[in-house]
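A.B. asks: Return a 3D structure for these sequence lines:
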Amino acid sequence: MFQLRPDPDEFGEFGVPAHVIHKGGREQVRFYVNEYQGHEYMDIRAFYRSEEGWRPSRKGVTLRPEFYRELLKGVLELGGQVGEISQTTLDAIIKELDSDHEST
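C.D. replies: Take a look at the predicted model:
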């Protein structure tokens with residue numbers, strides 16, 4: 001079930017998971033919401049499998065939620081650069097993001 005805001009009671013050792021990219025049996029890229037000193041953060045981090053289970057690596061980025069739109073724009077523009085999204089679609093999505101942000 002999709003939640004707009006994570007329930008603080010659901011925070012596990014590494015936060016509330018949002019998405020996982022499986023890069024084989026020994027590596028994952030995890031997108032999750034984490035909390036530190038009472039502040040919420042978005043985290044995108046590579047995890048590796050160890051004898052103790054999945055562990056976070058030093059490879060990753062942690063951002064405050066106010067950077068979400070910029071992160072999304074960057075991912076969309078990256079998709080355009082590698083040919084996964086057309087320029088027309090990219091322009092329409094970014095225009096919608098910008099207009100939606102201005103109205104909030």
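
A.B. asks: so what's the closest residue in space to residue 32 that isn't next to it in sequence up against?
C.D. replies: Closest residue to residue 32 apart from its sequence neighbours, by C-beta to C-beta, 6 or more residues apart in numbering: residue 15 at 4.2 Å. (Each C-beta comes from the backbone N, C-alpha and C, glycine too.) Listed by C-beta atoms under 8 Å, 6 or more residues apart in numbering, the contact set of residue 15 reads 6, 32-35, 43.

A.B. asks: Find the centremost residue of the chain, please.
C.D. replies: residue 31 (4.2 Å; C-alpha atoms, centre = their mean).

A.B. asks: domains in the protein, as residue ranges please.
C.D. replies: If you go by automatic domain parsing, the domain ranges for the chain are 10-63, 68-102.

A.B. asks: who does the lowest-mean-pLDDT helix or strand in the chain touch, helix- and strand-wise?
C.D. replies: Ranked by mean pLDDT, DSSP states H and E, the weakest helix or strand in the chain is helix 87-102, scoring a mean of 86. Counting by 3 or more C-beta pairs under 8 Å, 6 or more residues apart in numbering; DSSP states H and E, the packing neighbours recorded for helix 87-102 are helix 68-81.

A.B. asks: Give the buried residues for the helix it packs on.
C.D. replies: Across helix 68-81, burial judged by 16 or more other C-beta atoms under 10 Å covers 76, 80.

A.B. asks: re the thing from before, what are the phi and psi angles of the residue nearest to residue 32?
C.D. replies: Dihedral pair for residue 15: phi 100, psi -170, per degrees, to the nearest 10.

A.B. asks: and if you look at the one 10 residues further on?
C.D. replies: Here the main-chain torsion angles of residue 25 (degrees, to the nearest 10) amount to phi -80, psi -10.
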